[in-house]
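Asker: quick one, structure for this:
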Amino acid sequence: MNQEQGDVYKIGRGMADCTGPVADITMMGYATASQNTGGIHTRLYCRAFILADQNNSRPIVIVSMEVALVSQLVKIKVVETLRRVYGGVYTDENVLLTSTHTHSGPGGYMQYKAFHHNSNGFYKPTVNAQVNGVLESIYAAHSSIVDGYIYHGRATLLDASINRSPVAYMENPQWERSRYDRDVDTTMTLLKLTDTMGTALGMINWFSVHATSMNNGNHLISSDNKGIAALLAEQHYSTHQHLPGQGSFVAGFLQGALGDVSPNTDGPTCNNNVNDTCDIITNTCSDGEACSASGPGSDMFESTYIVGEKQFITAKSIFDSASHKLSGPIDYRLQYVNISALACRPALGYSSAAGTMDGVGDVANFHQGDIHGSGTFRFVTTLLNGREVSDDFTQCQSPKPILVALGQMNRRFLKWYPEILDFQAIKIGQFYTVTVPGEPTTMAGRRIQASIKNTLSELGIRDDDVVITALANSYAHYVTTPQEYQIQRYEGASTMYGPNTLTVIQKLLQNITEHLALGLPVDLGIPPQNQENQQISYLYASPAYDCWFSYCNSIGVTTDVNAAYLPGDTATIVFKGSNPRNADNKNARLFRGTDTIPTTFLEVQELADGDTWKTILTDSNWETKFSYTSGRVVTLNWSIPANQRTGTYKFIHRGMQKVLYWFNTYFKSYTLESRTFYVTRKLWPSTFSETE
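Answerer: Numbering: from 1, shown residues only. As a prediction, this is how the structure comes out:
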């Protein structure tokens, strides 16, 4: 079939809740020990897409996970289950897991100690939530496979991102920089998925921007700007009204070369003195304060929505106008590589402890651009590493002053950091994507794309699009260009395998893509091992008991809702409840957002048809917030939209109590309700008093 007509492909899509623990767990992303989960703003979803040609000979699975990082452990466990369920259909080689990189989700799920250093260690319920969410989304995608078309399109998205390390970007050669208009990639690339009748099934798009609109002072689970973009797309294109996670349309908003790209478009400022100027190298003010960034909104919630909505609007524009149908086979290659053997053993530099303008580090006296280290902290470095850092290690990582020599700390039964990573290339007709298990900077991404396109061109393959899927299958921090590495901003200090990391990755991906284009096999290599049994947790499996024999802590309404609200108001209720982490226990009923009747911590119900209550919102919706604080305090909020219809409403809170009876522990569900309240266009005090 010719390119104008396009080929008919097999297309499946599905999504499932993968939120995980919503209380007491250190969030993953900012490495801030005090940032624990304490409720939900928007739930986290895993979105799966299965694509294959008509022969279904080489299917691929792409899963967008609303988590900070993809854990090797999660992929290992997912593939093990898929092999049992589907035989050899889905394997390491054709399953691609990628994260949106939200920094507002629970941690404790990585299988290397370096990622747990500032938290309570490994927490199996987080792993289980992610594994189950990925599997459920793939099961749904597999069962929904239909014939359809895949369209390809691109557009420019401005004012949604800035470069947070422009001084490092400027270290790249002028001749190279002159090829590009901006110091961030403003291109969004999109695949439009429809059935053969033109019904919208889903979209997969790539746009490079950190999911750090929600800052490190946030304690509510949030899918950040990528998540709101996906929710808006699914709400718009689904064929019926639905709660989040239950629509007919599935939208994957994936990451590209995001390493130095921030959504906080107002840029870095000095909080102590707005007239002070941030030093472009150290990211500090004249008083030593670290600079922080925000915007474009008045607070982090507004900023998240604005940047997410911008991505949705651009994706919608591409989706609605896309007319170029892909044609040709679907195929893939994957290779496991010990990257330490090709570059350097992994190490963190001093500047990594400083954090970025998106999230300042926990430890004082560290700043970006540190190429000398500190005599004070060298002693600490020796303690952390267990011995002095070897000369060859230091020389390989130069000019990075090594803070933590992770590669020197790896032991047989205690792995601090990955050394074996996988690199993947996927072909969908004329479209190629290659994976990077980390965060390439803008110019690093451009070099990878250029080298792949050159490889294809030398093979006589032209007019094909190549995109990078970052944060894929595992995580190994950043990838800068050798020039950017030299000044050791945060991104350079977090380029773990030394200054030649990008060069090694380019060659690996060129080789894999060449074999893919020619239809030749590649050596799979030796995959990483499951390290789950070596993990250490410092957190109890569930909180303290709520009930002892027949005595239970009291639960109920503490502060009820008002009798009536206007559109634009926020309805609030406070309960005395129990710790939502009780729902993490394997014996407790899980709170899932994919059930026909959602079993979530929060519901807003509307009185319909006179006597029937209908759930219209859950803790998955943008308009709601569920928060939990110590003392068993549960607060529910609903920001009532300006266009909300008048009517009668109520809040529902569902929870689990932990019960001790003799020597047995079990979990008892409970449901609490607010009184009914009205949403009305005008408040009449005589009818709707707050004390009614």
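
Asker: going by C-alpha atoms from here, please, whenever you check contacts or count neighbours.
Answerer: Noted.

Asker: and residue 411, bridged to which residues?
Answerer: Beta-bridge partners recorded for residue 411 (DSSP bridges): residue 414.

Asker: what about it, neighbour count?
Answerer: For residue 411, the neighbour count with other C-alpha atoms under 10 Å is 9.

Asker: tell me the pLDDT at it?
Answerer: In this model, residue 411 is scored at 71, pLDDT.

Asker: least trustworthy helix or strand in this structure by mean pLDDT?
Answerer: Ranked by mean pLDDT, DSSP states H and E, the helix or strand of the chain with the weakest confidence is helix 375-385, at a mean of 65.

Asker: list the buried ones in the longest helix along the chain?
Answerer: Ranked by residue count and defined by DSSP state H, the top helix of the chain is helix 300-321. For helix 300-321, burial by neighbour count (16 or more other C-alpha atoms under 10 Å) applies to 300-301, 303-312, 314-316, 318-319.

Asker: and stretch 32-45, by the same measure?
Answerer: 32-33, 35-45.

Asker: check those residues and tell me the two furthest apart.
Answerer: 33 and 45 (24.4 Å; C-alpha to C-alpha).

Asker: closest one of the buried residues of stretch 32-45 to residue 392?
Answerer: residue 32 (31.8 Å).

Asker: in terms of contact, does that closest one touch residue 117 like I think?
Answerer: No. With contact defined as C-alpha atoms under 8 Å, residue 32 does not count as touching residue 117 (10.3 Å).

Asker: who's residue 356 bridged to?
Answerer: If you apply DSSP bridges, the partners that residue 356 bridges to are residue 359.

Asker: for the nearest residue to residue 34 once chain neighbours are set aside, helix, strand, or coil?
Answerer: Leaving aside its sequence neighbours, residue 34 sits nearest to residue 26 (C-alpha to C-alpha, 6 or more residues apart in numbering; 7.2 Å). Of the three states, residue 26 takes strand under DSSP: H, G, I helix; E, B strand; the rest coil.

Asker: residue 26 bridge partners, please.
Answerer: residue 36.

Asker: cool, and residue 551?
Answerer: Here residue 551 sits in beta bridges with residue 548, going by DSSP bridges.

Asker: sorry, back to before: just after the longest helix of the chain, pick out the following helix or strand.
Answerer: strand 324-325 (DSSP states H and E).

Asker: direction included, what does that next one pair up with?
Answerer: According to DSSP bridges, strand 324-325 forms sheet pairs with strand 146-156 (antiparallel).

Asker: which residues does residue 618 contact?
Answerer: 243, 598, 600-604, 624 (C-alpha atoms under 8 Å, 6 or more residues apart in numbering).

Asker: at 6 Å what do you get?
Answerer: Applying C-alpha atoms under 6 Å, 6 or more residues apart in numbering to residue 618 gives the contacts 602-603.

Asker: again with residue 405
Answerer: residue 347.

Asker: let's go with 8 Å and repeat that
Answerer: The contact partners of residue 405, taken as C-alpha under 8 Å, 6+ apart, are 346-348, 385, 389.

Asker: distance of it from residue 224?
Answerer: 32 Å (C-alpha to C-alpha, to the nearest Å).

Asker: helices of this protein, start to end?
Answerer: Using DSSP H, helices in the chain cover 72-86, 124-143, 166-169, 174-177, 224-237, 300-321, 339-342, 375-385, 391-397, 406-409, 442-458, 482-485, 490-493, 501-518.

Asker: quickly, which of those bottoms out on average pLDDT?
Answerer: helix 375-385 (a mean of 65).

Asker: which residues sit against stretch 419-428?
Answerer: So stretch 419-428 is in contact with 93, 326-340, 345-346, 407, 432-437, 473-474, 508-509, 512-513, 516, 527-528, going by C-alpha under 8 Å, 6+ apart.

Asker: at 6 Å instead, please
Answerer: 330-340, 432-435, 513, 528.

Asker: average pLDDT for it?
Answerer: 97.

Asker: list the residues that contact residue 531.
Answerer: residue 111.

Asker: if you set the cut-off to 8 Å instead, what comes out?
Answerer: Taking C-alpha under 8 Å, 6+ apart as the test, what residue 531 contacts is 73, 111-112.

Asker: partner strands of the strand ranked longest in the chain, with direction?
Answerer: Longest strand of the chain, by residue count under DSSP state E: strand 647-661. Strand 647-661 has the following strand partners under DSSP bridges: strand 547-548 (parallel), strand 602-608 (antiparallel), strand 664-673 (antiparallel), strand 677-679 (antiparallel).

Asker: how about these in JSON lines, adding mean neighbour count?
Answerer: Formatted as JSON lines, those follow (neighbours: other C-alpha atoms under 10 Å):
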{"stretch": "strand 547-548", "mean neighbour count": "16"}
{"stretch": "strand 602-608", "mean neighbour count": "20"}
{"stretch": "strand 664-673", "mean neighbour count": "14"}
{"stretch": "strand 677-679", "mean neighbour count": "19"}
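
Asker: need these in JSON lines with distance to residue 152 and mean pLDDT, can you?
Answerer: Formatted as JSON lines, the strands paired with strand 647-661 follow (distance: least, C-alpha to C-alpha, whole Å; pLDDT from 0 to 100):
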{"stretch": "strand 547-548", "distance to residue 152": "57", "mean pLDDT": "94"}
{"stretch": "strand 602-608", "distance to residue 152": "38", "mean pLDDT": "96"}
{"stretch": "strand 664-673", "distance to residue 152": "47", "mean pLDDT": "91"}
{"stretch": "strand 677-679", "distance to residue 152": "44", "mean pLDDT": "97"}
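
Asker: residue 358 against residue 217, yeah?
Answerer: No. In this structure, residue 358 is not within contact of residue 217 by C-alpha under 8 Å, at 11.2 Å.

Asker: of these two, who's got more company?
Answerer: residue 358 (25 against 14).

Asker: let me see the contact set for that one.
Answerer: Neighbours of residue 358 in contact, by C-alpha under 8 Å, 6+ apart: 212, 215, 262, 264, 292-294.

Asker: which of these sits closest to residue 498?
Answerer: The closest of the contacts of residue 358 to residue 498 turns out to be residue 262 (C-alpha to C-alpha; 23.4 Å).

Asker: the closest one bridge partners, please.
Answerer: residue 162.

Asker: would you confirm that it contacts residue 161?
Answerer: Yes. Counting by C-alpha under 8 Å, residue 262 does reach residue 161; the two are 5.4 Å apart.

Asker: and the two? Which one has more around it.
Answerer: A side-by-side neighbour count of residue 262 and residue 161, using other C-alpha under 10 Å, places residue 262 first with 27 against 24.

Asker: highest neighbour count among the contacts of residue 531?
Answerer: residue 111 (28 neighbours).

Asker: show me what contacts that one?
Answerer: Neighbouring residues of residue 111 by C-alpha under 8 Å, 6+ apart: 71-73, 122, 415, 530-532, 535.

Asker: and it, how close does it get to residue 76?
Answerer: Taking C-alpha to C-alpha, one finds residue 111 at 11 Å from residue 76.

Asker: check residue 30 too.
Answerer: 25 Å.

Asker: which of those two has more residues huddled nearby?
Answerer: residue 30 (23 against 18).

Asker: which ones are touching that one?
Answerer: Contacts for residue 30 were tallied using C-alpha under 8 Å, 6+ apart; they are 103, 216, 355, 359, 361.

Asker: hmm, try it at 10 Å
Answerer: 68, 102-104, 212, 215-217, 355-356, 358-362 (C-alpha atoms under 10 Å, 6 or more residues apart in numbering).
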